[in-house]
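Sequence and predicted structure are below.
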Amino acid sequence: GAGVSQSPSNKVTEKGKDVELRCDPISGHTALYWYRQRLGQGLEFLIYFQGNSAPDKSGLPSDRFSAERTGESVSTLTIQRTQQEDSAVYLCASSPRGGQPQHFGDGTRLSIL
Amino acid sequence: DQQVKQNSPSLSVQEGRISILNCDYTNSMFDYFLWYKKYPAEGPTFLISISSIKDKNEDGRFTVFLNKSAKHLSLHIVPSQPGDSAVYFCAASARGQGAQKLVFGQGTRLTINP
């Protein structure tokens, strides 16, 4: 596709369950980013992948959060043992070679009951 | 520690007039600034950016101004149109430090009234 694709668009799950969110970046974009937007807040950086370099995980809020990326394509963000404070919109972005601007997907709205 | 601040959560402007959205930052390492526009249930869309070596960048109806000494930037939209109604986020990065992540403000909801 032409843009960043994220799935699912919405996810409702019970507290304590694990969730996996998926991001397909724009073809040819080597850099991929995950952000989180809580209600009424700005976007909060989580993690950044650039090619084969070690990812920048400095924004992950706890060890329950992890992310992987297969080469320069799909990425998955996994949240283990979800808590209610994990409820947010999770946004993925990609850019060519880590430059700007970053292009965003429409996000996954995660609701923890 | 809010490094990028948008102090106005909302702004209402009449169609045809100028909209001015403001943003302040605290980190002097930031050297690249962007504005994004966001509609409900959609991801942010890039609008315009400015490097710290410039003080103004213009693209059609959108102009971004940067005042480095005041650590302040603003987005001017003129003339404002109903389709401009959205939430606007300013963002900053420290590219010179190798940091590619964006630090976002909390957003300003702009409403253009007919």
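Noted; the coordinates are in hand.

Show me the shaky parts of chain B.
By pLDDT under 70, the low-scoring segments of chain B are B:97.

what about the strands in it?
Ranges of strands within chain B are B:4-5, B:10-14, B:19-25, B:32-38, B:45-51, B:56-59, B:62-67, B:72-77, B:86-93, B:103-104, B:108-113, based on DSSP state E.

Among those, show me which one is buried the most.
Of all those, strand B:86-93 carries the top mean neighbour count, a mean of 24, counting by mean count of other C-beta atoms under 10 Å in any protein chain shown. To be clear about C-beta, it is placed using only N, CA and C from the backbone, and glycine gets the same treatment.

What strands line up against that strand, and which way round?
When pairing is defined by DSSP bridges, strand B:86-93 lines up against strand B:32-38 (antiparallel), strand B:103-104 (antiparallel), strand B:108-113 (antiparallel).

What strand or helix carries the residue nearest in space to the middle of chain A?
Most central in chain A under C-alpha atoms, centre = their mean is A:Trp34, positioned 3.4 Å from the mean C-alpha point. In the assignment (DSSP states H and E), A:Trp34 maps to strand A:31-37.

Could I get the contacting residues of the residue nearest to the centre of chain A?
Contacts for A:Trp34 (C-beta atoms under 8 Å, 6 or more residues apart in numbering or on different chains) come out as A:23, A:45-48, A:67, A:75, A:77, A:90-92.

what do you get for A:Ser53?
When contacts are counted by C-beta under 8 Å, 6+ apart, A:Ser53 is found next to no other residue.

Look up which helix or strand it falls in, please.
Following DSSP H and E, one finds A:Ser53 outside all helices and strands.

For the strand holding A:Trp34, output the C-alpha coordinates as CSV.
What follows is strand A:31-37, C-alpha atoms only, in CSV (Å, rounded to 0.1, in the frame of the first residue of the first chain):
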residue,chain,number,x,y,z
ALA,A,31,13.2,3.7,9.8
LEU,A,32,10.2,2.6,11.9
TYR,A,33,8.9,4.2,15.1
TRP,A,34,6.2,3.4,17.7
TYR,A,35,4.5,6.1,19.7
ARG,A,36,1.6,6.1,22.2
GLN,A,37,-1.1,8.7,22.6
